[in-house]
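Engineer: Output the structure for:
(3 chains)
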Amino acid sequence: MSTVYDVTTWVIPGDPNTTAYTDIGKIINSIIADVKAQQTSQSSKPGAVIYIPPGDYSLKTRVTVDISYLQIKGSGHGFTSLSIRYNTSDTSNWWEIWPGASHIKVENTDGNSEAFIVQRTGNPRLSSIEFRDFCLDGKSFTPTENSYTNGKVGIRFVSDNDSCRVTGMGFVYLEHGLINNNADAFDVTDNFIAECGNCVELTGSSQASKVTNNHIGAGYIGFSVFAEGAEGLLVAGNNVFPRGRSVVHLKNSNRCVITANRFHAFYPGMIDSEGTNKENLISSNHFYRVVETFPPLQGYNNGKDDLYGLIHLVGDNNMISTNLFDYNVPTASVTPTGATPTLILVADGDSNFISNNHGVHNIATNHVVLSSTSTNTKVLDSGSTSQILSYTTSYTLRPTP
Amino acid sequence: MSTVYDVTTWVIPGDPNTTAYTDIGKIINSIIADVKAQQTSQSSKPGAVIYIPPGDYSLKTRVTVDISYLQIKGSGHGFTSLSIRYNTSDTSNWWEIWPGASHIKVENTDGNSEAFIVQRTGNPRLSSIEFRDFCLDGKSFTPTENSYTNGKVGIRFVSDNDSCRVTGMGFVYLEHGLINNNADAFDVTDNFIAECGNCVELTGSSQASKVTNNHIGAGYIGFSVFAEGAEGLLVAGNNVFPRGRSVVHLKNSNRCVITANRFHAFYPGMIDSEGTNKENLISSNHFYRVVETFPPLQGYNNGKDDLYGLIHLVGDNNMISTNLFDYNVPTASVTPTGATPTLILVADGDSNFISNNHGVHNIATNHVVLSSTSTNTKVLDSGSTSQILSYTTSYTLRPTP
Amino acid sequence: MSTVYDVTTWVIPGDPNTTAYTDIGKIINSIIADVKAQQTSQSSKPGAVIYIPPGDYSLKTRVTVDISYLQIKGSGHGFTSLSIRYNTSDTSNWWEIWPGASHIKVENTDGNSEAFIVQRTGNPRLSSIEFRDFCLDGKSFTPTENSYTNGKVGIRFVSDNDSCRVTGMGFVYLEHGLINNNADAFDVTDNFIAECGNCVELTGSSQASKVTNNHIGAGYIGFSVFAEGAEGLLVAGNNVFPRGRSVVHLKNSNRCVITANRFHAFYPGMIDSEGTNKENLISSNHFYRVVETFPPLQGYNNGKDDLYGLIHLVGDNNMISTNLFDYNVPTASVTPTGATPTLILVADGDSNFISNNHGVHNIATNHVVLSSTSTNTKVLDSGSTSQILSYTTSYTLRPTP
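Structural biologist: Model (predicted):
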């Protein structure tokens, strides 16, 4: 039996009227059932590849992936800006109005939120599932097209998983693009995940995972990259653009590496932290903070003020080094009014190491602010004496000469 | 109708004698025309994938890509060194003499320079066009095989475009490999672009684009990576080898990140700048400058002398940090004769920040030279006092101890 | 003739009984013979693509790749942890017990060690061979499943080669995953190479190669990344996890760049060096050293003690900067007993530059130790005076304030 399936030619046994165009979810579930029916021996379950040719497909039934080694693959990420489209008064003369390529419209009628769920009980963990080169499109937000909310999830990994990959994909207009719970060696690379409420969320606890070489940009309601309980996450080589409430949010995450990224944001709290985060390395990144430029979204923000810090740090022994912080906000837009904005805020924690950072700003800023509960912070070559503000005496300063 | 096309099986209506082998350009144009004929509804234009199997194809007619979501895809980048071949006196016993894989010989007879042009009027911008895994081969330079000139262009994006990708491609012996004018979120990754006059040129103004994880090496006449009016370009994880006139050339480009690259060059001006370039971050790169080693090309250079700087900087608030500069040029090859070579030249600009750089050299060099018009440069831990030469008093120095 | 082959449909002339399932090696050799038979003109040898659909294939005969531009491609890397499986007492209820996707079981009966060998005499060098998206599985180690030895090699490049790629692959339970001898512009990206005795070995002398964006983790007997005679190797964006005897081993390698990686290890000598290694840049990496956590492997180590250094450096003018070293080993596990562990040991060499590193540790460590034969080392902002131990007076220290 072939292990190569095409959603456009598969016929569901007993249901010849369902097609990939009417419900690709039901089609893929039927293919997965066939793979399982063909591969019944414990010692031979190589999985399959399910190909999605370019086309517009409606997904009405959630796909449950409960076999290892399944590759679901299209021929293009198919992103286009729905935000621009929906904020254009007249698109009647437009060439096209939807995303494309291998384009799945997430239109569940089954009561579920997700287009794809990855879940299995028992052992071993699901391994090496790959989503590649297709588009997951939530189509529309509610109550308005600028709300970033619609309850839809592109892909949700629920049960423990190992060495899975999401690569070359497009995600657009989903409230949650990609969620992975308890990932091990997860690989998110070469994707285009934008105009989603949240883009990449690693929940539960992950280890040894990578988010590399992506274009990512969430909405003001959510996270571009969210890491909870992460051990050793590598976030490198990404272009993260507005307008997520943060670019990377660390929650009880340790020993992560955030390096070689370009970060662009419209709000404070670009790298945000929650809980206690230890021994993370944040180096060689470019932080650019300006104000919202797109008129329809100028009314929104993430609720943080300019004292919150472009990096808001809670935790111990983190290293923040060799970053360029570029703050360019008109005085009238600074909050609280008249405040001196903060580039790096050590809100709490011990023995953080902040060195060799360059701050550029149109108005005076505090490069580093140390809270009264922070202890033993070292601040080296990251601003002049007047650019370092400390509410504690427990720190060491070598001002930039 | 299928959205999956194969250039080797497509028959042009009314023109059965043209094949992909005789004119792949005409074939692809016919396929694109078919896609447009099939996809006439504004609300359903998913595009298509055009597959180019391994083979030797002649392109005589320029392809015009004027639809979004088109993926043109082969099965291999197919690079081989034509420079070595053409500079070998006798190749009669060679196994093969041309590039290969999905190999397009750029042999326009239509009066155009380009193999592929991407262009459309109206709205929206073209989105998510992908070129993947094939080879564009200019075949020959004129007037000599070492001239890097032939007027040929591999791919030229002309009109505004969004979220397009060039990945896994090979480009060889083209005067211009890849040009993109007014790119947004352009992605150039995993390519092999070498022995071209110019490799990657982002012209007009680009934003939020990436050139990552590539092998790149232009000829002495041109640019390995050229960025004009770029906002937030990320150049990371590349191996850029000789012999381009520069490895990265910034022209009025701001807030770019050049990090985690290996740069190898035969001339000064490895990172060159033109116009005014602000707030760029250049960190964690390795710069290796030696002399040309390939006898047939030892007569050429980029016209810059050793006072020009391995980094030649014009602009404000740029950060150059944590780079290793390795200068190894025989005294007799230094120009002007007897000069003390420069590693970093701040030719003009305000408030540049140069810190924590290591210089290695076979002869004495000036690690940093500050021009008389530069102001407020900070130079920290980037050389001893004797290795910093300033023509202005407007700077701060902390010499490497 | 088609240049697109499928291993499941190919029939060996005169040998209809051999299938890809019984001996995929013999099938691929027959396909390569066919390619050569079809492509006899020196001026037209584009090669071919050989597709391996998902399935379980046995390789009994070594494949010899002796043509350029061959792409061997599957539909998934198919990794699963055999280490967990073999160390689980009862897997009878497991869903599956083997790796999968395009899954080649390396079971040579031909007396050879390798699944794939790449080798050709004459000129030019083999170019642009690509291995993509399939799984090479050594199945079992001997004498025990925790020995990491079985004599098997996944892919060995023997003769000089240029611009070849290994991408999207899985390697598991091979004594040697990937070996390349005398590589030029070799590209190892997006792979999953784990639970192999050795993962990536660049032997002989390589130049301008890249090991980027991979998951890599060797066994205690071998190397995760080994570079011999390398010129300008770029190791970036990788997640290297235990339990290799080192994460990167440099042997007479110069001007390499090791940056933006996450390194996790159970032994000292994470970056190890042998011979003389010059002008390498090691920056923006996270080093995490803990003890073995997996009970079946707690009896093993790499034979190095805690005085060896997380980085063990022999060579000149190397730069080690902006790394975070995290040492967390219970006192009782430190060797020699009672020793003060070393983070960076300059065992020998001149003019190394160590700056802006942050050390985190559960017990007191020496951040930098300089041997009696080391000369002219600079140690800046990499530890307090008490954390720097020198056996020579030939060094410059600026302690972290």
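Engineer: Per-residue pLDDT of the nearest residue to residue A:229 once chain neighbours are set aside, please?
Structural biologist: Using Cβ to Cβ, 6 or more residues apart in numbering or on different chains and skipping residues adjacent in sequence, the residue nearest residue A:229 is residue A:205, 3.4 Å away. The C-beta positions use only the backbone N, C-alpha and C, and glycine is treated the same way. The model reports residue A:205 with a pLDDT of 96.
Engineer: likewise residue A:293?
Structural biologist: With respect to pLDDT, residue A:293 has a value of 87.
Engineer: and it, what does it touch?
Structural biologist: Contact criterion Cβ atoms under 8 Å, 6 or more residues apart in numbering or on different chains gives residue A:266 as the residues in contact with residue A:293.
Engineer: how near is it to chain C?
Structural biologist: Distance from residue A:293 to chain C, counting by Cβ to the nearest Cβ, to the nearest Å: 30 Å.
Engineer: next one: residue A:164
Structural biologist: 10 Å.
Engineer: Kindly report the same for residue A:319.
Structural biologist: Here the distance between residue A:319 and chain C works out to 4 Å (Cβ to the nearest Cβ).
Engineer: before we move on, back to that, now for the residue nearest to residue A:229: which residues touch it?
Structural biologist: Contact partners of residue A:205, counting by Cβ under 8 Å, 6+ apart, are A:182, A:228-231.
Engineer: Out of these, which is nearest to residue B:137?
Structural biologist: Compare each of these with residue B:137 using Cβ to Cβ and the shortest gap goes to residue A:230, at 44.5 Å.
Engineer: neighbours of residue A:147, just the number please.
Structural biologist: Burial of residue A:147, expressed as a neighbour count using other Cβ atoms under 10 Å in any protein chain shown, amounts to 16.
Engineer: so it is in which element?
Structural biologist: Using DSSP states H and E, no element contains residue A:147; it sits outside every helix and strand.
Engineer: again, but for residue A:166
Structural biologist: Of the helices and strands defined by DSSP H and E, residue A:166 is found in strand A:165-167.
Engineer: what's whichever helix or strand comes after that strand in contact with?
Structural biologist: Beyond strand A:165-167 on the C-terminal side, the first helix or strand identified by DSSP H and E is strand A:170-172. Judged by Cβ under 8 Å, 6+ apart, the contacts made with strand A:170-172 from elsewhere in the structure are A:76-80, A:82, A:99, A:101, A:134-138, A:154, A:177-178, A:191-196, A:199, B:128, B:163.
Engineer: one step back: the strand holding residue A:166: partners in the sheet, and parallel or antiparallel?
Structural biologist: Strands adjacent to strand A:165-167 in the sheet, as given by DSSP bridges, are strand A:130-132 (parallel), strand A:187-189 (parallel).
Engineer: Give the buried residues for it.
Structural biologist: Buried residues in strand A:165-167, counting neighbours by 16 or more other Cβ atoms under 10 Å in any protein chain shown, are found at A:165-167.
Engineer: Which of the contacts of residue A:205 sits closest to residue C:66?
Structural biologist: Within the set of those, residue A:231 lies nearest residue C:66; the separation is 44.4 Å, counting by Cβ to Cβ.
Engineer: residues in contact with the closest residue to that closest one other than its chain neighbours?
Structural biologist: When the adjacent residues along the chain are set aside, residue A:231 lies closest to residue A:207, with 4.3 Å between them (Cβ to Cβ, 6+ apart). For residue A:207, the contact set (Cβ under 8 Å, 6+ apart) comprises A:183-185, A:230-232.
Engineer: Next one: residue A:207 from residue A:152, what distance?
Structural biologist: In this view, residue A:207 and residue A:152 are 28 Å apart by Cβ to Cβ, to the nearest Å.
Engineer: Equivalent analysis for residue A:204, please.
Structural biologist: Relative to residue A:152, residue A:204 is positioned 21 Å away (Cβ to Cβ).
Engineer: cool, residue A:360 as well?
Structural biologist: As for residue A:360, its distance to residue A:152 is 39 Å (criterion: Cβ to Cβ).
Engineer: ok, those two, which is more surrounded?
Structural biologist: Neighbour count, other Cβ under 10 Å: between residue A:360 and residue A:152, residue A:152 has more, with 25 against 22.
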